[in-house]
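**Student:** here's my sequence, what's the structure:
(chains A and B)
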Amino acid sequence: MIVVIDYGMGNPGSFLNMAKKVGVAACASSDPALLREASALVLPGVGSFDAGIHQLRRLGLVDLLGERVLGEKVPILGVCLGMQLFTASSEEGSERGLGWFDAETRRFDATRHPKLKVPHMGWNLLEPAGPHWLFDQLPPQPRFYFVHSYYVSARRQDEVIGTTVHGDVFTSVIARENIVGVQFHPEKSHKFGIRLLSNFFARSLSASAQAPREDEPGCLTHASTARP
Amino acid sequence: MLRRRAIPVLLISGLGLYKSQKFGDRRYVGDPLNAIHLFNEMEVDELIVLDIDASRQACEPNYELIEHMASQCFMPLCYGGGISQLEQARKVFSLGVEKVSLNQALHAHAGLITSLADTFGSQSIVASIDVRHGLLGRAGVYDHLQRKNLKPSPKDLAVRAQALGAGEILLNSVERDGTMHGFDLPMIEAVAAAVEIPVVACGGAGKLADFAQALDAGASAVAAGSMFVFKGKHRAVLINYPSPEQLAPIFDTEGPSC
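**Tutor:** Numbering: from 1, shown residues only, chains lettered A, B, ... in the order given. Below is the predicted model of the structure:
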């Protein structure tokens, strides 16, 4: 079961709609017992950084997420604010993030580009840094829907697996082992979003069906269970 | 590069889909769920759904209908109508809606915009401003509940909405609504130049060339009602949306939004 973390900040409904569309069992919950059993997690996000961390703390999920994701290596997909919460801090607030990546969340600098509109809102291209199972069967430059004023600034280039241009190039997909973060909204990006989420779901379900093993790009044992 | 957006605007009242002219003269055009299903198939950039009677009737948003609509939308959905409290917006977001549009709140309780932006982020808060010209030709902000123009100019209200925390302006022209005679370009230009946040131009679109003009005037996105629900001079109801090939020459160019 995939659990979409419902922490009062996100849009879990959109992910459930998408999971239904691709034929994957999913539910939205903040119940620690359910999160403990999840085979994969989605951390969505519509909201501000501090409010997001406060909600996770209030629900007692910060340590639990750490145990499951860092300890047990349960696959997790962070979307938009969810991705930003994986970083150590944000210029949007004063709270500490989850700190899973050596990265921080910064605001788009409109002073560097006078005509830059912030928030970055609309359809933009994803430029994969290289092959990755998340991008299987996507065209070379798929289009995704973005809505955000802040972006993840990562220190480790090997964790940046996709970029997008808005004024400057910024990290739109970050990943390390079982942790994936995307700045755009795959749940709202038509066929490209359906494909990317299918890839994540398929990978997660295949990972939970067998013992953990070394990363093999493109390996989708159970891809047929999650086609669009 | 950010692609600019073409957004169908659907007006709902009760469970029906309507199209107005100049904010009056409503015509029933069908079932909103059916329209949304079709727009989803056409892979529209985004969708705006406005409940045009919720505020007037002091109703809460129709959550059941919103949930049904959101479940059909694999693209961004903005909902407006009847949101006067933070918890209402929270519920709307939880159903699978990305943005909420606020119109009355701008006049009646501006603090709500700020508390929504603080909680959910500016990018999910749209300030909807209705523009109507007065007898002397001066552009004013029209309050559809009081049916009169308010004090601030549209430009000043847009600047204030941005300062309050709105992440986008939905700029509607009352006089051009449903006419399909083209956008209010000077108004788009004035407002887009005054704010940093994206401006969505709405009211008057009748053809693709109108979109190009609005984008040239500074809009980050264009919205239309009649153009996407009617076809032909007799306005037969037909849900339609330009193909990617038709949109590309207008929307894929580097513009003021980038």
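
**Student:** show me the shaky parts of chain A.
**Tutor:** The model of chain A has pLDDT under 70 over residues A:208-228.

**Student:** so which bits of stretch A:58-74 are buried?
**Tutor:** By neighbour count on 16 or more other Cβ atoms under 10 Å in any protein chain shown, the buried set for stretch A:58-74 is A:59, A:61, A:65, A:68-69, A:74. C-beta: built from backbone N, CA, C; applies to glycine.

**Student:** stretch B:168-188 now?
**Tutor:** Within stretch B:168-188, the residues that count as buried by 16+ other Cβ under 10 Å are B:168-178, B:180, B:182-185, B:187-188.

**Student:** filter those down to just the ones in helices.
**Tutor:** B:185, B:187-188 (DSSP state H).

**Student:** with pLDDT added, can I get the residues you listed in a markdown table?
**Tutor:** Shown next, in a markdown table, are these (pLDDT from 0 to 100):
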| residue | pLDDT |
| --- | --- |
| B:Leu185 | 98 |
| B:Met187 | 97 |
| B:Ile188 | 98 |
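
**Student:** in JSON lines: these, plus distance to B:Lys231.
**Tutor:** Converted to JSON lines, these look like this (distance: Cβ to Cβ, whole Å):
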{"residue": "B:Leu185", "distance to B:Lys231": "25"}
{"residue": "B:Met187", "distance to B:Lys231": "28"}
{"residue": "B:Ile188", "distance to B:Lys231": "26"}
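
**Student:** which parts of the stretch 51-200 of chain B sit against chain A?
**Tutor:** B:67, B:70-71, B:73-77, B:90, B:93-99, B:117-124, B:167-168, B:196-198 (Cβ under 8 Å from any Cβ of the partner chain).

**Student:** select only the buried ones of those in ChimeraX?
**Tutor:** This is how ChimeraX selects the buried members of these, with burial counted by 16+ other Cβ under 10 Å:
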select /B:67,70,71,73,74,75,76,77,90,93,94,95,96,97,98,99,117,118,119,120,121,122,123,124,167,168,197,198
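
**Student:** for B:Phe228, give me its contacts.
**Tutor:** B:Phe228 is in contact with B:8, B:39, B:239-241, counting by Cβ atoms under 8 Å, 6 or more residues apart in numbering or on different chains.

**Student:** just the closest of the ones in helices among the buried residues of stretch B:168-188 to chain A, please.
**Tutor:** B:Ile188 (14.1 Å; Cβ to the nearest Cβ).

**Student:** what's the helix or strand that contains A:Arg195 packed up against?
**Tutor:** Using DSSP states H and E, A:Arg195 falls within helix A:190-209. For helix A:190-209, the packing partners by 3 or more Cβ pairs under 8 Å, 6 or more residues apart in numbering or on different chains; DSSP states H and E come out as helix A:12-22, strand A:40-43, strand A:143-148.

**Student:** which positions in that helix come out as buried?
**Tutor:** A:190, A:192-208.

**Student:** quick one: mean pLDDT for the helix or strand containing B:Leu33?
**Tutor:** Taking DSSP H and E as the criterion, B:Leu33 maps to helix B:32-41. Helix B:32-41 shows a mean pLDDT of 95.

**Student:** show me the contact partners of the helix or strand just after that helix.
**Tutor:** Using DSSP H and E, the helix or strand that follows helix B:32-41 in sequence is strand B:47-51. With contact meaning Cβ under 8 Å, 6+ apart, strand B:47-51 is reached by B:7-13, B:32, B:36, B:39, B:59, B:61-62, B:66, B:69, B:73, B:75-82, B:101, B:128, B:170, B:200, B:223.

**Student:** show me where the stretch 1-150 of chain B has its strands.
**Tutor:** Remark: strands assigned in the stretch 1-150 of chain B by DSSP state E, counting those that start in this stretch are B:5-13, B:16-21, B:24-30, B:47-51, B:77-80, B:99-102, B:125-133, B:139-143, B:148-150.

**Student:** looking at the ones you listed, which is buried most?
**Tutor:** strand B:77-80 (a mean of 26; mean count of other Cβ atoms under 10 Å in any protein chain shown).

**Student:** how about the contacts made by whichever residue of chain A sits closest to chain B?
**Tutor:** Using Cβ to the nearest Cβ, A:Gly13 is the residue of chain A that sits closest to chain B, at 3.1 Å. Going by Cβ under 8 Å, 6+ apart, A:Gly13 touches A:28, B:67, B:70-71, B:94-97.
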